[in-house]
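> for reference, the sequence and a predicted model appear below.
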Amino acid sequence: MKKYCNIVLLAICAGLSLNVQSGELSLAESQVIVQNVLKDKAVVEEVFPGLGPLSGAVLVPAGMSEAKAIVWLMKGENAIIVGQIFTEKQQELSLLAHQQYILPKQRLKTNKATDPQSRYLGAGGIALFQEPASVKVLYVFADPNCHYCHSFYKAMMDNEAIFRHKRIAVKWIPVSIMGGDSLMKAQAILQGGAEALAQNQSSELALEDVVDVKIQNIIKSNTGLFLSAFEKPGTPALVWFDDNDARQRATGTMTKGQLASFLTDLY
């Protein structure tokens, strides 16, 4: 029997037979399982394909719409699995699902008075899609070693036509929060501009041996601005200002289609 429970569990996995029906669960079927296990304590907002017999679901606790969680369900089993699920390539599916199904919809609260746009305009970054006709700016905080930042960059490039049509420029702001060589990579990106940023997406970025203190101070300032803007920092992190000059924020990567929808609704 193939073992799909390569999982660090926070809930019940022990005792599952795994002799279950294959196939993706419907939203209605998922609701039945959650109701059987949790009664009225939570509902399923969305279901999506999982690994093997597992179906993924976005679980929303009753009365706590902001506390969404990724869980895993199986046909024929009244059990809810929560925790890390790794593929043979060591991809952690719960984290990937959280990035794809929860974070893109999670816009953070507005702060109208204490964070003017001038702070972000003054940050050191790379301008993308910027033309004389650009009227809005999307600020993207990103760590050069962040896999999700790479996928967001690709989604941006795939949506270049929408950015230009809606006259939205991007300011890509390198930060260093992941350690390793992220600080030196951020330095190389600020030194090399858009070309170096593109090279970093494919691991072709050449690093200098010499520390540029001035540029690294800019990166540290960028990181401080990022950490002050987000209570639970994670990258990519987006900041923009609405028509009332109120700061808006969101975190997490997006697919090409998700970003297209996000841009359509943005302004």
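Nice, thanks for sending it over.
> my read: Glu160 touches Phe129, true?
Yes. The criterion here is C-beta atoms under 8 Å, and Glu160 meets it with Phe129 at 6.4 Å. Just so you know, the C-beta spots here come from the backbone N, C-alpha and C atoms, and that holds for glycine as well.
> neighbour-wise, which of these two wins?
Of the pair Glu160 and Phe129, Phe129 is the one with more neighbours under other C-beta atoms under 10 Å, namely 21 against 12.
> could you find the closest non-adjacent residue to the more buried one?
With C-beta to C-beta, 6 or more residues apart in numbering as the measure, Phe163 is the residue that lies nearest to Phe129, at 4.3 Å, once sequence neighbours are left out.
> wait, what's in contact with that neighbour?
Leu128, Phe129, Met156, Ala169, Val170, Leu263 (C-beta atoms under 8 Å, 6 or more residues apart in numbering).
> next step: the residues you listed restricted to strands.
Counting by DSSP state E, those place Leu128, Ala169, Val170 in strands.
> the first one pairs with what?
Beta bridges link Leu128 to Val170 when assigned by DSSP bridges.
> so what's the residue count around it?
Around Leu128 sit 20 other residues, with neighbours defined as other C-beta under 10 Å.
> ok, the second one next?
Residues lying near Ala169 (other C-beta under 10 Å) number 18.
> that one and Gly192, how far apart?
If you measure Ala169 against Gly192 using C-beta to C-beta, to the nearest Å, the figure is 19 Å.
> and if you look at the last one?
When distances are taken as C-beta to C-beta, Val170 and Gly192 turn out to be 17 Å apart.
> the two: which is more packed in?
Set Val170 next to Gly192 and count neighbours by other C-beta under 10 Å: Val170 wins out with 21 against 17.
> pLDDT at that one, what is it?
Per-residue confidence (pLDDT) for Val170: 95.
> contacts only, for it.
Residues touching Val170, when contacts are defined by C-beta under 8 Å, 6+ apart, comprise Ala127, Leu128, Phe129, Gln130, Val137, Leu138, Tyr139, Val140, Met156, Phe163.
> how far away is it from Ile189?
Applying C-beta to C-beta, one obtains 14 Å for the distance of Val170 from Ile189.
> I'd like to know the average pLDDT value across stretch 130-143.
Per-residue pLDDT values across stretch 130-143 average out to 86.
> name the residues of that stretch that come out as buried.
Neighbour counts over stretch 130-143 (16 or more other C-beta atoms under 10 Å) mark Gln130, Ser134, Val137, Leu138, Tyr139, Val140, Phe141, Ala142, Asp143 as buried.
> for the residue nearest to Phe129, helix, strand, or coil?
Following DSSP: H, G, I helix; E, B strand; the rest coil, Phe163 is assigned to helix.
> got it, and Gln100?
Under three-state DSSP, Gln100 comes out as helix.
> please name the nearest non-neighbouring residue to it.
Distances taken as C-beta to C-beta, 6+ apart put Thr255 closest to Gln100, at 7.0 Å, once the chain neighbours are dropped.
> report how many residues lie close to that neighbour.
For Thr255, the count of nearby residues is 15 (other C-beta under 10 Å).
> give the other helices and strands that the longest helix along the chain contacts.
As far as residue count goes, and with DSSP state H defining each element, the longest helix of the chain is helix 182-201. Here helix 182-201 is seen to pack against strand 126-128, helix 147-158, strand 168-174, helix 213-229 when contacts are counted using 3 or more C-beta pairs under 8 Å, 6 or more residues apart in numbering; DSSP states H and E.
> next, the buried residues of it.
182-190, 192, 196-200.
> flag the shaky bits of this structure, pLDDT-wise.
1-23, 65-66, 103-115, 133 (pLDDT under 70).
> in it, which spans are helices?
Ranges of helices within the chain are 27-38, 93-101, 118-121, 147-158, 160-165, 182-201, 213-229, 256-266, based on DSSP H.
> Pro236 is nearest to which of the ones you listed?
Using C-beta to C-beta as the criterion, the shortest distance between Pro236 and those is 4.5 Å, found for helix 147-158.
> contacting residues around the residue lying closest to Met184 once chain neighbours are set aside?
The shortest distance from Met184 to any residue other than its chain neighbours is 5.0 Å, reached at Leu207 (C-beta to C-beta, 6+ apart). By C-beta under 8 Å, 6+ apart, the residues touching Leu207 are Asp181, Met184, Lys185, Ala188.
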